[in-house]
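Chemist: no sequence on this one, just coordinates:
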C-alpha cells in the first residue's frame, strides 16, 4: 500500500521558449490564406464589377445569408444612450464605379 503522505516532485524543466506562441490576435496562416481565397473568388465571380457586383447580386438573390454576413461585418459595439441598442435606420448598397480602362 502506498504512503499517502509521500510527496512526489512534479517540477519539470520547461524549454526556454515555452509559452511564447503566436501573439494574441494573429490569425492562423490557413485562416489568412482562406480569407484571401474567398476574396479572390468573389472578385472573379463578380466579373467586371468585382466583389461589389457579386455581393450586390447575392444581396438580391439570397437576402437571408447576405443579411447574416452583413451582421458579422457591422460594428459590434452599436450601443449608446445608456446601453440601449441603436441600429442604423437606413442601409444603402451602391455599386462602386469602375474607372479602369479595359
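Modeler: Sure thing, it's come through. Because the structure is predicted, anything quoted here is derived from the model rather than measured.

Chemist: Low-confidence regions, the chain specifically.
Modeler: Low-confidence segments of the chain (pLDDT under 70): 1-4, 6-11, 75-88, 98-102.

Chemist: So which residues of the chain form strands?
Modeler: 79-80, 84-85 (DSSP state E).

Chemist: Contact partners for the closest residue to residue 47 other than its chain neighbours?
Modeler: Nearest residue to residue 47 in three dimensions, chain neighbours excluded: residue 53, at 6.4 Å (CB to CB, 6 or more residues apart in numbering). Just so you know, the C-beta spots here come from the backbone N, C-alpha and C atoms, and that holds for glycine as well. Listed by CB atoms under 8 Å, 6 or more residues apart in numbering, the contact partners of residue 53 are 46, 47, 95.

Chemist: Contacts for the longest helix along the chain, please.
Modeler: Assignment by DSSP state H gives helix 29-45 as the longest helix of the chain. Contacts to helix 29-45, defined as CB under 8 Å, 6+ apart, come from residues 27, 50, 51, 54, 55.

Chemist: so how many other residues sit close to the nearest residue to residue 70 once chain neighbours are set aside?
Modeler: Nearest residue to residue 70, sequence neighbours excluded (CB to CB, 6+ apart): residue 91, at 7.5 Å. Neighbours of residue 91 under the rule other CB atoms under 10 Å: 9.

Chemist: For the remainder of this discussion, apply numbering that starts at 10.
Modeler: Let's use 10 as the start, then, which means that last one is residue 100.

Chemist: separation between residue 100 and residue 75?
Modeler: 11 Å (CB to CB, to the nearest Å).

Chemist: that older thread, so how do I select the buried members of the contacts of helix 38-54 in PyMOL?
Modeler: Buried members of those, defined by 16 or more other CB atoms under 10 Å, are picked up in PyMOL with:
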select buried, resi 59+60+63+64
